[in-house]
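1. quick one, what's the 3D model for this:
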Amino acid sequence: MQVHFIAIGGSAMHNLAIALSRKGIIVTGSDDEIFEPSKSRLFKQGILPLNLGWDSNHIHADLDAVILGMHAREDNPELLRAKELNIPIYSYPEYLYQQSKDKIRIVIGGSHGKTTITSMLLHATKALDIHVDYMVGAQLEGYDCMVKLTDDAKYMVLEGDEYLSSPIDRRPKFHLYKPNIALLSGIAWDHINVFPTFENYLEQFDTFCNLITDSGTLIYNEEDLEVNKLGHKYQSKLKVQAYHTPDFSPMEEGTVLRYDGKEYPLQIFGPHNLQNLMGAMELAKCLGINPADFFSAMADFKGAGKRLQKVIEKDDFVMYKDFAHSPSKLKATTSAVKHQYPNRKVIACMELHTFSSLQKEFLPHYIGAMDSADAAVVYYSPEVVAHKKLPEISVDLVKDGFGGKVIVFNHTNDVLNFISNQDWRNSVLLMMSSGNFDGIDYDALGVKLCETW
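-> This next block holds a predicted model:
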């Protein structure tokens, strides 16, 4: 087998390329830009392109497939050449389905929580030595590749992203996996550049449920209004199983979960994380894992990459970083931290970085999203707004969108100055972004703050 990747440097694409290479498939690829850590990982696997740029000579009749990434354009010369030679062209999710169509496919979907739930399930299967293939959208501790493909695994665990599949396939990725077992964690409007109305966005999740195989299973969060509606809608067609936030109590280093008359100490915290854990437990039951074994296996789970990840802790100060950027994720993350540290001052800083978040029409959806924090800062870069070719937004517009006592900055140095001038005794700093505040080194910042007293 020979497979060529167009746009091999993407965060998802390079993981799939490595997985296929490890499976024994001959992998080639191209891209016009490849950044770290993709570059080093591809080099280590021996499949880093020698030169940057597109070249139609990379495409030849001996190729069995071409996998097209979102970074490529419709007029890409390699794509056009592949079409001329009638070589099968797949999107990333299409090829994952091809690799798993004879397995039991478990797909985790939702606007928020899907990476964490997928990570939890993988943590348990690894701890209990259950062999599964997988694809997850974040770098996890203990894994050097976020895609695993084998010929003998019975199950394939897939994080189900609702974004588009490729430049020539406008279907959401999770529509292509055809799950045998599916989970929906929650629905909150996102990706408004692709789904212009909430109704249109909601329709994608309805379609996802309709694509679950006959007599398949839908596990759903009954505390989410829209997900609960779908759970009831499909109960005559599918096996359905609801889950909800369990009984738990915060403790100094995490949480005590109470289930079926027993207590389980955990390192994760917050109602949203515990809710995700119950969804993962229901998935684990489908793999034959009983709840007691699952919760015991989760005792050392610290969270998915960049999801409430502790940066530094000293005395009565702790700093976290998180990937949260949408209104629902901001609210859940900020609330979780305040719930865990009710007697500390919580200062939350977030960066508007995604296409949706920087649109003036979407800003009102952030109202109250950071109200759980004792102080809240929102940062955005006018240069990023211009780069994304969006209309200008003002500080006042952002402030009105969030409401409350939110402070808005559009220079990174203003954020750093604000943070540096705080008294961090008996406090928590929460940094939330899908970027990095235009270059803030979280680790260095944490060390600096700890040295101030």
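2. show me the biggest helix of the chain in terms of residues.
-> helix 271-286 (DSSP state H).
3. check which element follows it along the chain.
-> Per DSSP states H and E, the first helix or strand lying C-terminal to helix 271-286 is helix 291-297.
4. in that following helix, what counts as buried?
-> Pro291, Phe294, Phe295, Ser296, Ala297 (16 or more other Cβ atoms under 10 Å). Where you see a C-beta, it was placed from the backbone N, CA and C, and this is true even at glycine.
5. what about the strands in the stretch 1-150 of the chain?
-> Listed in chain order, the strands of the stretch 1-150 of the chain (DSSP state E, counting those that start in this stretch) span 2-6, 26-30, 65-68, 89-91, 104-109, 132-135, 147-148.
6. which outside residues touch the following helix or strand past the shortest one?
-> Of the helices and strands lying after strand 147-148 in sequence (DSSP H and E), the nearest is strand 155-160. The contact list for strand 155-160 (Cβ atoms under 8 Å, 6 or more residues apart in numbering) reads 96, 99-100, 103-110, 114-115, 118, 121-122, 125, 132-137, 173-174, 177, 179, 182, 208, 287.
7. repeat that for stretch 328-336.
-> With Cβ under 8 Å, 6+ apart as the test, stretch 328-336 has contacts from 111-112, 186, 188, 269-273, 308, 322-324, 346, 348, 350, 366, 368-373, 376, 430, 432.
8. which of those residues are buried, as a ChimeraX select command?
-> Selection of buried members from the contacts of stretch 328-336 for ChimeraX, criterion 16+ other Cβ under 10 Å:
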select :111,112,186,188,269,270,271,272,273,308,322,323,324,346,348,350,366,369,370,371,372,373,376,430,432
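9. mark which of the contacts of stretch 328-336 are part of helices, please.
-> If you go by DSSP H, the contacts of stretch 328-336 have Pro271, His272, Asn273 in helices.
10. once you drop chain neighbours, what's closest to the first one?
-> The shortest distance from Pro271 to any residue other than its chain neighbours is 5.1 Å, reached at Thr245 (Cβ to Cβ, 6 or more residues apart in numbering).
11. quick one, what contacts Val194?
-> Applying Cβ under 8 Å, 6+ apart to Val194 gives the contacts Tyr163, Leu164.
12. can you classify it by secondary structure?
-> coil (DSSP: H, G, I helix; E, B strand; the rest coil).
13. direction included, what does the helix or strand encompassing Leu257 pair against?
-> Using DSSP H and E, Leu257 maps to strand 254-259. Strand 254-259 has the following strand partners under DSSP bridges: strand 247-251 (antiparallel), strand 262-266 (antiparallel).
14. how does this protein divide into domains?
-> Domain ranges of the chain: 2-87, 95-300, 309-450, per automatic domain parsing.
15. as a markdown table, those with mean pLDDT would be great.
-> Conversion of those to a markdown table gives the following (pLDDT from 0 to 100):
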| stretch | mean pLDDT |
| --- | --- |
| domain 2-87 | 97 |
| domain 95-300 | 95 |
| domain 309-450 | 93 |
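16. start to end distance for stretch 371-389?
-> 30 Å (Cα to Cα, to the nearest Å).
17. centre of the chain to it, how far?
-> Relative to the mean C-alpha coordinate of its chain, stretch 371-389 is positioned 20 Å out (Cα atoms, centre = their mean, to the nearest Å).
18. and if you look at stretch 106-121?
-> Its chain's C-alpha centre and that of stretch 106-121 lie 8 Å apart, by Cα atoms, centre = their mean.
19. start and end of that stretch, how far apart?
-> Taking Cα to Cα, the first and last residues of stretch 106-121 lie 10 Å apart.
20. likewise for stretch 400-414?
-> Stretch 400-414: ends 19 Å apart by Cα to Cα.
21. buried set for that stretch?
-> Gly401, Phe402, Val406, Ile407, Val408, Phe409, Asn410, Thr412.
22. now do stretch 57-68
-> Neighbour-count burial for stretch 57-68 [16+ other Cβ under 10 Å]: His58, Ile59, Leu63, Ala65, Val66, Ile67, Leu68.
23. what of stretch 417-424?
-> Using 16+ other Cβ under 10 Å as the test for burial, stretch 417-424 gives Phe418, Ile419, Trp424.
24. just put the residues you listed in JSON lines and tack on distance to Tyr220 and secondary structure.
-> Shown next, in JSON lines, are the buried residues of stretch 417-424 (distance: Cβ to Cβ, whole Å; DSSP: H, G, I helix; E, B strand; the rest coil):
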{"residue": "Phe418", "distance to Tyr220": "41", "secondary structure": "helix"}
{"residue": "Ile419", "distance to Tyr220": "39", "secondary structure": "helix"}
{"residue": "Trp424", "distance to Tyr220": "40", "secondary structure": "coil"}
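25. let me know the closest of the residues you listed to Thr255.
-> Closest to Thr255 out of the buried residues of stretch 417-424 is Trp424 (24.2 Å), distances taken as Cβ to Cβ.
26. and the closest one, what are its phi and psi?
-> phi -90, psi 10 (degrees, to the nearest 10).
27. distance of the residue nearest in space to the middle of the chain relative to Gln422?
-> A centroid search over the chain (Cα atoms, centre = their mean) returns Thr115, at 4.4 Å, as the residue closest to the centre. Distance, Thr115 to Gln422, using Cβ to Cβ, to the nearest Å: 30 Å.
28. dump the buried residues of stretch 417-424 into a markdown table; add distance to Asp224 as well.
-> Converted to a markdown table, the buried residues of stretch 417-424 look like this (distance: Cβ to Cβ, whole Å):
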| residue | distance to Asp224 |
| --- | --- |
| Phe418 | 34 |
| Ile419 | 34 |
| Trp424 | 35 |
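29. of those residues, which is the nearest to Arg41?
-> Checking those against Arg41 by Cβ to Cβ gives Ile419 as the nearest, at 32.5 Å.
30. between the two ends of stretch 104-118, how far is it?
-> 15 Å.
31. which ones are touching Ile106?
-> Counting by Cβ under 8 Å, 6+ apart, Ile106 touches 121, 155-158, 179-183, 283, 286-287.
32. now the farthest one out in this protein, which residue is it?
-> Ala61 (36.4 Å).
33. now that one, nearest residue through space, not along the chain?
-> Spatial nearest neighbour of Ala61, chain neighbours left out: Leu85 (5.7 Å); criterion: Cβ to Cβ, 6+ apart.
34. tell me how far the closest residue to Lys239 other than its chain neighbours lies from Glu282.
-> Distance criterion Cβ to Cβ, 6+ apart; nearest residue to Lys239, sequence neighbours excluded, is Thr217 at 4.5 Å. Distance, Thr217 to Glu282, by Cβ to Cβ: 9 Å.
35. which residues are common contacts for the two?
-> Common neighbours of Thr217 and Glu282, using Cβ under 8 Å, 6+ apart, are Gln241.
36. looking at the buried residues of stretch 400-414, which are in strands?
-> Ile407, Val408, Phe409 (DSSP state E).
37. so who does the second one touch?
-> This points to Val408. Val377, Val378, Tyr379, Tyr380, Val395, Val398, Lys399, Phe402.
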